[in-house]
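Engineer: A structural model of the following input is requested.
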Amino acid sequence: MHLDVQDLRNFYYRSHLGRAAQKAIRDRVRLIWPDVRGQTVVGFGFAVPLLRPFLAEARRVTALMPGPQGVMPWPAGMPNVSVLCEETSWPVETGHVDRLLVLHGLETSEWPEALLWEAFRVLGPGGRALFIVPNRAGLWSRRDATPFGQGRPYSLGQLETQLRDHHFLPESHSAALYQPPSSQRFWRKTGAMWEQVGLRLSTVVAGGVLIVEVTKRAHGIKGRPAARPRPLRVLEGLAVPEGRPIAGREESSDICAPMSQGQMAQ
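Structural biologist: Here you go, the predicted model:
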């Protein structure tokens, strides 16, 4: 279940803990993608806290926000680039995205399989995607007061396996949010130090979020399911039932034909 856009906005922009989380993850993303000049960058879920550095250099930046979450205008004081969309049907042409960033999108999705196929569809040749999810072994996934305590946390193996199953090739992995998810002043003042220390620690043990960079494998794909799952329609077809050809239909039509007077006498 997706989080509400108002709750996400309040966490990232109106709380000290959220601002610290925003900076820690954004700094790590910029280390992975230091230059996106001339490229099309798309964020899905609630990725706007990480997209601002790309506004000045990317050719185009778009923030896709799923309907169950809701949308907010962004960025403030600039032309709006945020779009409300269906979770598994994005208003993006096939193969037109150079960089895709997913935050608070995969772990809260009701249709993760279809969402990954949609991400695969929009990513262009040579394009790269970053999937950022709560770390199952981290402290942040255990605190419900933050967005990372909602949805399904992942282990690194689970995430990479799911991505490979949808024809993504994991190229690298890292983590962020090594600082404890606490609003106490001591932890906030030492947050930057913990993030630096975390670079030398095990991703599986300490990081609050996992970050996996992938490319798409375009060869050897035999097929893919429909991008958008369809709900079961239990009563569909009752008003106008659909029939199928039946063997010996000519004989059955004779039974239903009106009988002559001679036949009635028999």
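Engineer: give me the low-pLDDT residue ranges for the stretch 151-266 of the chain?
Structural biologist: Judged against pLDDT under 70, the low-scoring parts of the stretch 151-266 of the chain cover residues 186-188, 190-191, 201-205, 219-266.
Engineer: how about the strands in it?
Structural biologist: For the stretch 151-266 of the chain, strands defined by DSSP state E, counting those that start in this stretch occupy the ranges 168-176, 209-216.
Engineer: What sits closest to Leu210 if chain neighbours are left out?
Structural biologist: Asn135 (4.9 Å; Cβ to Cβ, 6 or more residues apart in numbering). (Glycine included, C-beta is placed from N, CA and C.)
Engineer: OK, contacts around the one you found?
Structural biologist: Taking Cβ atoms under 8 Å, 6 or more residues apart in numbering as the definition of contact, the neighbours of Asn135 are 141, 153-156, 175, 203-204, 207-210.
Engineer: go again using 10 Å as the cut-off
Structural biologist: Asn135 makes contact with 141, 148, 153-156, 159, 175-177, 203-211 under the criterion Cβ atoms under 10 Å, 6 or more residues apart in numbering.
Engineer: just to revisit the earlier point, highest mean neighbour count out of the strands of the stretch 151-266 of the chain?
Structural biologist: Each of those was assessed for mean neighbour count using mean count of other Cβ atoms under 10 Å. The highest is strand 209-216, with a mean of 23.
Engineer: and that one, which strands flank it?
Structural biologist: Strand 209-216 has its sheet partners listed here by DSSP bridges as strand 123-134 (antiparallel), strand 168-176 (antiparallel).
Engineer: Relative to Asp35, which of those is closest?
Structural biologist: Asp35 lies closest to strand 123-134 among the strands paired with strand 209-216, at 12.2 Å (Cβ to Cβ).
Engineer: List the buried residues in the closest one.
Structural biologist: The neighbour-count check on strand 123-134 (16 or more other Cβ atoms under 10 Å) flags 123-124, 127-134 as buried.
Engineer: how far off strand 123-134 does the helix or strand where Val41 lies point, in degrees?
Structural biologist: Secondary structure from DSSP states H and E places Val41 in strand 40-45. With axes from the mean of the first three to the mean of the last three Cα atoms, to 10 degrees applied, the angle from strand 40-45 to strand 123-134 works out at 40 degrees.
Engineer: what packs against strand 40-45?
Structural biologist: Using 3 or more Cβ pairs under 10 Å, 6 or more residues apart in numbering; DSSP states H and E, the elements in contact with strand 40-45 are helix 48-51, strand 60-66, strand 82-85, strand 97-103, helix 112-122, strand 123-134.
Engineer: Out of the ones you listed, the one nearest Met72 is which?
Structural biologist: Among the helices and strands packed on strand 40-45, strand 82-85 comes nearest to Met72, with 6.5 Å by Cβ to Cβ.
Engineer: Select only the buried ones of the contacts of Asn135 in PyMOL?
Structural biologist: For the buried members of the contacts of Asn135, the matching PyMOL selection, counting by 16+ other Cβ under 10 Å, is:
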select buried, resi 141+148+153+154+156+159+175+176+177+203+204+206+207+208+209+210+211
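Engineer: Help me confirm that Gly105 is found in a helix?
Structural biologist: No. Secondary structure assignment places Gly105 outside any helix; it is coil (DSSP: H, G, I helix; E, B strand; the rest coil).
Engineer: ok, now which ones touch the residue nearest to it when sequence neighbours are not counted?
Structural biologist: Nearest-residue entry for Gly105: Gly45, 2.8 Å, with adjacent residues in sequence omitted and distances by Cβ to Cβ, 6+ apart. With contacts defined as Cβ under 10 Å, 6+ apart, Gly45 is in contact with 2-3, 8, 63-66, 69, 87, 101-109, 115, 131-132, 147.
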